[in-house]
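Enquirer: Can you look at this prediction? I've put the sequence above it.
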Amino acid sequence: MNKLLSVTAAGALLSTSALYGQIEINDNLSVTGFLDMSLYHVDDDNGDSTSFDLDQMELDFLFSFDEITGQVDIDYQRGETDEIDLEQAFITYDLGEGTSITAGKFLSYMGWETAEPTGL
């Protein structure tokens, strides 16, 4: 029972803080994203067993070339099919004087990502 309590306490401490950051590959490309993982521990008469699972992962690639910027989001969600999906991809062309045009595939109509577990 002490192991379960220790693992639970460690998990609670680790999950209380989130790391946010963007990795800049070069002047035109940067990467951001998140991992959603779980830990399962069983302590019974048959012995101890611990398993880790990757439940969801998202990688976001951000491009920037003068007037043209873009973003491509790749998503993996553990489920029946365990597929990697193109979540959203769009480009923006800056016309100048505060005007721009954006087109592509979006996660939602208004840009609000309610499907994401981070930050909710």
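Expert: Sure, I can see it. Residues are numbered from 1 along each chain as shown.
Enquirer: just the strands in this protein please.
Expert: 23-24, 29-44, 47-65, 68-77, 84-96, 99-105 (DSSP state E).
Enquirer: Please identify the buried residues of stretch 34-47?
Expert: 34, 36 (16 or more other CB atoms under 10 Å). Heads up, the C-betas are built off the backbone N, CA and C, glycines and all.
Enquirer: Mean pLDDT for the strands of the chain - can I get that in CSV?
Expert: Shown next, in CSV, are those (pLDDT from 0 to 100):
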stretch, mean pLDDT
strand 23-24, 88
strand 29-44, 84
strand 47-65, 86
strand 68-77, 92
strand 84-96, 92
strand 99-105, 93
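Enquirer: Could you single out the most deeply buried of those strands?
Expert: strand 68-77 (a mean of 17; mean count of other CB atoms under 10 Å).
Enquirer: Mind giving me the packing neighbours of that strand?
Expert: strand 47-65, strand 84-96 (3 or more CB pairs under 8 Å, 6 or more residues apart in numbering; DSSP states H and E).
Enquirer: would you turn the ones you listed into CSV with distance to residue 39?
Expert: Shown next, in CSV, are the helices and strands packed on strand 68-77 (distance: least, CB to CB, whole Å):
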stretch, distance to residue 39
strand 47-65, 6
strand 84-96, 23
